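A.B. asks: Structure for the following, please:
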Amino acid sequence: MHTLREMRIRSAVLVSLAACMTPTPASAENWPSWRGPHSNGLSADTRVPTEWSRDKNVAWKRELPGPAGATPVVWDDRLFLTSVDKDQLVLLCMNTSGKPLWRRQISTGNKKVRGDEGNSASPSPITDGKHVWAAMSNGAVACFDMDGKPVWNLDLPDRYGKFRIAFGMASTPVLYGGRLYFQLIHGDGKADTQEAIVVALDSLTGKQAWKQSRVTGAHSENEHSYASPVLYEDGPRSCLITHGADFAVAYDLKNGEEVWRLGGLNPHDDPKRRYHPTLRFVASPAAAEGIVIVPTAKNGPIFAISAAGKGDLTNRPHLWVRKQNTPDVPSPLIHDGLVYLCRENGNLLCLEAKTGKELYHERTNRGRHRSSPVYANGHIYLCSRDGKVAVVKAGRQFDLVANNSLDEELAASPAISNGTIYLRSFDALWAIRNQTATN
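C.D. replies: Numbers count the residues shown, from 1 in each chain. Down below sits the predicted model:
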């Protein structure tokens, strides 16, 4: 039985979700961050194609100066993406016809990591239509206006201490309410020197609004998190969900106070489960309809918790827990009461959001999957490293609609805007659009 308060909370969440899914000029046309207009991977666009190839439904292709896994972001007729150019770390701006408009160098010192897995341009840019922000894995952050005029820049390690993270700070910050939020979860394996923090900066000045230490007791490689923070909004409650160092922790956006924390992702004192010293998190949580889906890594468990929780949720009853089949890198996707999990091997799981009941577990492409799935026009789009994009019909039954290929390596998540799917390969930016569509 649900209490009256729980029913009211759920009703408010459903109303808020319905409002978010109502097409507006901003939500239908723009893709301002790596997870889209509502930070959940969902697009309201109904005109995007489901089939394409190198010579079918391609509006244009623009060669890039170097590879990266960062997702492009779009606002009206402007498109932004981070990239490398030899040793330079750059922010590129072009229009939605593919014409370059400007380029700004953010920093130098590109570092390739894990062979071809990533580099220092891994975080995605963010825009609000007036400014654009770009962060690099070495901690360089810069703000520009839409025409490329510098507003401010800073070096996060200079301000908050040297990053001690093996593969660079790949986390993309969150923009909300005039603030830019970062989770800086890293360490060197020594408890007395580690200080993972969460910080909020004024988006127009770069000045610190608040800073919060993030103490969890994680050790070994688990002090390194490559996940990105996630925004959760529920009426008067808005919080930043951070993920890493064995815990998911939510913070009040206004003052940085801890709202709740969830442990048990990598148990410290559970005789039935040994501590996994390399269970670093890459996939970010997903939140919708009053719940938060919390992945782990390396075929570990997945947790579904109530978004209305407070305090330490570790030993409280959860909505459900799945013991294995977590996505190692792609973040979960929630749509219409269903949770979609794309595993590294391309297997797609569909679960009931309320119960965790598995509806299907099917194969798409066998290539490595590094990008996060997105939803548009009744379909789920899943990208693999070999350039293939599987298109699966959303719903309770598995239906593989198309398998498309650009024959170029692909690690970035798709961006969707104004009838166009933007796919950033290691070589180029592709604009995929139905041939009858206009920009």
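
A.B. asks: show me what contacts Glu139?
C.D. replies: Not quite, residue 139 is Gly, not Glu. Contacts of Gly139 were listed using CB atoms under 8 Å, 6 or more residues apart in numbering, and they are Asp155, Leu156, Pro157, Asp158, Phe163, Met169. To be clear about C-beta, it is placed using only N, CA and C from the backbone, and glycine gets the same treatment.

A.B. asks: which one is it nearest to, not counting chain neighbours?
C.D. replies: On the basis of CB to CB, 6 or more residues apart in numbering, the spatially nearest residue to Gly139 that is not a chain neighbour turns out to be Leu156, at 3.7 Å.

A.B. asks: now Gly98
C.D. replies: Trp60 (4.0 Å).

A.B. asks: what's across from the one you found in the sheet?
C.D. replies: For Trp60, the beta-bridge partners are Ala431 (DSSP bridges).

A.B. asks: State the number of residues packed around it.
C.D. replies: Under the neighbour criterion other CB atoms under 10 Å, Trp60 is assigned a count of 17.

A.B. asks: I'd guessed the residue nearest to Gly139 sits against Leu180; true?
C.D. replies: No - the pair formed by Leu156 and Leu180 falls short of the contact definition of CB atoms under 8 Å, at 11.0 Å.

A.B. asks: quick one: common contacting residues for the two?
C.D. replies: Val141.

A.B. asks: quick one on the thing from earlier: wait, the residue nearest to Gly98 sits on Ala428?
C.D. replies: No - counting by CB under 8 Å, Trp60 stays clear of Ala428, with 9.7 Å between them.

A.B. asks: Run through the stretch 301-439 of the chain and note the low-pLDDT ranges.
C.D. replies: Along the stretch 301-439 of the chain, segments meeting pLDDT under 70 span 437-439.

A.B. asks: Please repeat the previous calculation with a cut-off of 50.
C.D. replies: The model of the stretch 301-439 of the chain has pLDDT under 50 over residues 438-439.

A.B. asks: can you map out the strands along it?
C.D. replies: Using DSSP state E, counting those that start in this stretch, the strands of the stretch 301-439 of the chain run over residues 302-306, 311-312, 320-322, 333-335, 338-342, 347-352, 358-363, 374-376, 379-383, 388-393, 400-405, 415-417, 420-424, 428-433.

A.B. asks: again with the stretch 1-150 of the chain
C.D. replies: Listed in chain order, the strands of the stretch 1-150 of the chain (DSSP E, counting those that start in this stretch) span residues 58-63, 73-75, 78-85, 88-95, 100-108, 126-127, 131-135, 140-145, 150-155.

A.B. asks: closest to Asp45 out of these?
C.D. replies: strand 73-75 (11.2 Å; CB to CB).

A.B. asks: so when I look at Arg159, I'm seeing a strand, right?
C.D. replies: No - when DSSP: H, G, I helix; E, B strand; the rest coil is applied, Arg159 is found to be helix, with no strand at that position.

A.B. asks: Can you tell me how far it is from Lys86?
C.D. replies: Arg159 sits 27 Å away from Lys86, going by CB to CB, to the nearest Å.

A.B. asks: Out of those two, name the residue with the larger neighbour count.
C.D. replies: Regarding Arg159 and Lys86, a neighbour count based on other CB under 10 Å identifies Arg159 as having more, with 14 against 8.

A.B. asks: For the helix or strand encompassing Gln183, what does the pLDDT average out to?
C.D. replies: According to DSSP states H and E, Gln183 maps onto strand 179-184. Averaged across strand 179-184, pLDDT comes to 98.

A.B. asks: Same check on stretch 153-160?
C.D. replies: For stretch 153-160, mean pLDDT rounds to 96.

A.B. asks: please renumber so the chain begins at 34
C.D. replies: Understood, numbering begins at 34; the last thing we discussed is stretch 186-193.

A.B. asks: Residues contacting that stretch, please?
C.D. replies: Contacts of stretch 186-193 with the rest of the structure, by CB under 8 Å, 6+ apart, involve 139, 168, 171-176, 196, 202, 215, 217, 230, 232, 239, 241, 244.

A.B. asks: now the helices for the protein?
C.D. replies: 37-54, 58-62, 189-193 (DSSP state H).
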